[in-house]
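Student: sequence and computational prediction follow.
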Amino acid sequence: MTESPATPEHRQKVEGPRAWMSAGVFSFATALAILAPFFWLGTASGHDISFHISSWFDAAGQWKQGILFPRWTEWANYGFGEPRFIFYPPLSWMLGAGLGSIFPWTWIPGLFVLVVQTFAGMSAFGLLRRTAGTFRGALFGAVAYAANPYALLVIYLRSDFAELLATSFFPMLFLAGLRLSGILNDESRRRKTIVRFGILFAAVWLSNAPAGVLASYSLALLFFWAALSRKNHQPALHGASGIALGLGLASFYIVPAAYEQRWVNISRALAEGLTPRENFLFAVTTDSEHDAFNRIASYVALFLIAGILAAALIALRNSRTSELSESTEKAFPAMLALGLVATLMMIRVTNPFWTVLPKLRFVQFPWRLMMVLAILFAFFLAVAARRAFVFSLIASVLALSLTGAYLVKHTWWDTEDVNAVKAAMDNKAGFEGTDEYDPLGDDHTDVPQQQPESKVIVEKGEPELSQKPEFRILRWTAEDRIVTVRSAAPAKIRLRLLHYPAWRITLNDQPTPTRRTVSYDAVVLVVPAGESRIEARFTQTSDRTIGGCLTAVSWLAVVLLVWPLKRRTS
């Protein structure tokens, strides 16, 4: 079951520019096919679409203010803001904002899918050209990954653009993991593989935090499997170094997100309906709408599992009559082990693991492990197509088409999602805040709408001011607010801003104590009679400084790892 070394002509066919161009064309065509319903039904209005669209708009607006890397989401909570950009990984909202800065905003949801799924197909081709053994199988698997059932579920019913982006990096990340673990021979390029793995691992974390958690556990299992099967601790050590490098590269996001959780209501991420216990396959709760979607996700998971099993059996049967490539033979057991664990973790019996293992419960939905199964789906289909290409092609096209049609039928289609958020931004009305990013002490459901930047607050039982203060807004951006107040008597002034430790509030250039509103946690301060100058600045906290320094050190490590290789090559 081994193969002879690949000839230069074969390597050129599988790895050369023409091969990548073919993969790009097929992946682009697949992404267009996925988008076909958008052209006549409108935008797929999934669960998270408003959250992502509003993030894109807010980030793009801050770029116009000169804030290149936003941290405070200005128009969340109807203009009172929230620290969403500290906790939500940056790649997806930066990509959406970047596309929206170039193309019409109504195009962006579909254009985002087109770009990401084209890249996802090419990423899968990068994995499969090394593991599937044939160019045709790698190309077939790339198309299967770009249109895999879980991607269709995310696109049509969930609109989780960040998770979609994270999964596009998964195939290349797992290829780097196979090389780093020694499952695929790569001894002569160990340093380069560590660097590649670290960058891809960081990209996943910077796209979607739940995907980062699942990638961490999945790859740890892969390295453990390699160490156990080879009876050597080197795979575990190499894997640990790659993971450490990746976490270091993403530290500018991970460190503040981890440290500043104490400043927000992060526990609301595990509110009713969002815990793993309520989202195992075919879980039943008191919420009928929740259960209806969970059934759809469960059917998709069963389809993926069935597809993996069928393709794996065909591949095993073919291996008896023909030789598998050496790389396929080595990757096969590891892929089966990953598939088995991922499948078991979606079943209720594994609830203790979801409770005990660090941060795993914040994945929320066990069926998210389909992002791992999707890789196995493409891999085993590509291997099965080695000897049964026509059968695999017809069966896959039919199955994926029926799955897509089923999901399209159960999708809520809307042409006004983007326009509604754009109108709210244009009117400076803002949008609803997020439960888990709400600053401590605030209840964002009580935050009033259509509020001015600053106003006088008169509490119950206090006399009204005989003369209303005069306000002048000198500067009001996402991270810098300057207001002057002229009042005939001392007055309480409320800013359109929620309390958060990173905000530094000064009165006449001096730090000043602040108060809070009665039903929510907006900033209130008392100004004396006469003219006063109020300044609020979003400052650089120590945790963000530490995270940035760790990222800088990690990039220095990348240079040191790569530079000796280039020097030797020269």
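Tutor: Great, that's in hand. Source: prediction; values computed, not measured. Numbers count the residues shown, from 1 in each chain.
Student: which regions of the chain sit below the pLDDT cut-off?
Tutor: 1-15, 186-188, 318-324, 388, 461, 564-570 (pLDDT under 70).
Student: quick one: the strands in it?
Tutor: All strands of the chain, identified by DSSP state E, fall at 43-44, 413-414, 454-456, 470-476, 480-487, 491-498, 503-507, 510-511, 515-516, 522-527, 530-538.
Student: among these, which is nearest Ala76?
Tutor: Among the strands of the chain, the nearest to Ala76 by C-beta to C-beta is strand 491-498 (9.2 Å). C-beta coordinates here come from the backbone N, C-alpha and C atoms, glycine included.
Student: what helices and strands are in contact with the closest one?
Tutor: For strand 491-498, the elements it packs on are strand 454-456, strand 480-487, strand 522-527, strand 530-538, judged by 3 or more C-beta pairs under 8 Å, 6 or more residues apart in numbering; DSSP states H and E.
Student: list the buried ones in it?
Tutor: Applying a neighbour-count criterion of 16 or more other C-beta atoms under 10 Å, the buried positions in strand 491-498 are Ala491, Lys492, Ile493, Arg494, Leu495, Arg496, Leu497, Leu498.
Student: next, the angle strand 522-527 makes with it.
Tutor: Between strand 491-498 and strand 522-527, the angle comes out at 150 degrees (axes from the mean of the first three to the mean of the last three C-alpha atoms, to 10 degrees).
Student: look through the protein and tell me its longest helix.
Tutor: If you go by DSSP state H, the chain has its longest helix at helix 288-321.
Student: what's near enough to touch Trp225?
Tutor: Ser181, Pro333, Ala334, Ala337 (C-beta atoms under 8 Å, 6 or more residues apart in numbering).
Student: what number of residues are in the vicinity of the third one?
Tutor: Other residues lying near Ala334 total 20 when counted by other C-beta atoms under 10 Å.
Student: what of the first one?
Tutor: Applying the criterion other C-beta under 10 Å, we find 27 residues in the vicinity of Ser181.
Student: that one touches His238, doesn't it?
Tutor: Yes - here Ser181 reaches His238: they are 6.9 Å apart, a contact under C-beta atoms under 8 Å.
Student: which neighbours do the two share?
Tutor: Common neighbours of Ser181 and His238 (criterion: C-beta under 8 Å, 6+ apart): Phe223.
Student: now do the contacts for Arg430.
Tutor: Quick fix: residue 430 reads Gly, not Arg. Gly430 makes contacts with Trp75, Ala76, Asn77, Tyr78, Gly79, Phe80, Ala424, Gln449, as judged by C-beta under 8 Å, 6+ apart.
Student: mind pulling up the phi and psi values for it?
Tutor: Dihedral pair for Gly430: phi 80, psi -170, per degrees, to the nearest 10.
Student: got the contact list for the residue of the chain most remote from its centre?
Tutor: Distance from the C-alpha centroid of the chain peaks at Ser466, with 53.1 Å (C-alpha atoms, centre = their mean). Contacts here follow C-beta under 8 Å, 6+ apart; on that basis Ser466 touches Ala488, Ala489.
Student: quick one: it from Arg504, how far?
Tutor: Distance, Ser466 to Arg504, using C-beta to C-beta, to the nearest Å: 33 Å.
Student: what of Arg361?
Tutor: Per C-beta to C-beta, Arg361 is found 34 Å from Arg504.
Student: ditto for Phe332
Tutor: Distance from Phe332 to Arg504, counting by C-beta to C-beta: 57 Å.
Student: what does Leu184 give?
Tutor: Leu184 is 52 Å from Arg504, by C-beta to C-beta.
Student: residues contacting Asp244?
Tutor: Not quite, residue 244 is Ala, not Asp. Taking C-beta under 8 Å, 6+ apart, we find Ala244 in contact with no residue.
Student: is it true that Leu393 touches Ala382?
Tutor: No - here Leu393 does not reach Ala382: they are 11.4 Å apart, not a contact under C-beta under 8 Å.
Student: find residues that contact each of the two.
Tutor: Phe140.
Student: and the helices in the stretch 351-500 of the chain?
Tutor: 351-356, 370-384, 389-409, 417-426 (DSSP state H, counting those that start in this stretch).
Student: mind listing what's buried in the third one?
Tutor: It stands for helix 389-409. Neighbour counts over helix 389-409 (16+ other C-beta under 10 Å) mark Ser392, Leu393, Ala395, Ser396, Ala399, Leu400, Thr403, Gly404, Tyr406, Leu407, Val408 as buried.
Student: now do the last one
Tutor: Of the residues in helix 417-426, those scored as buried under the neighbour-count criterion (16+ other C-beta under 10 Å) are Asp417, Val418, Val421, Lys422, Ala424, Met425.
Student: same check, this time on the shortest one
Tutor: Going by neighbour count (16+ other C-beta under 10 Å), the buried part of helix 351-356 is Asn351, Trp354.
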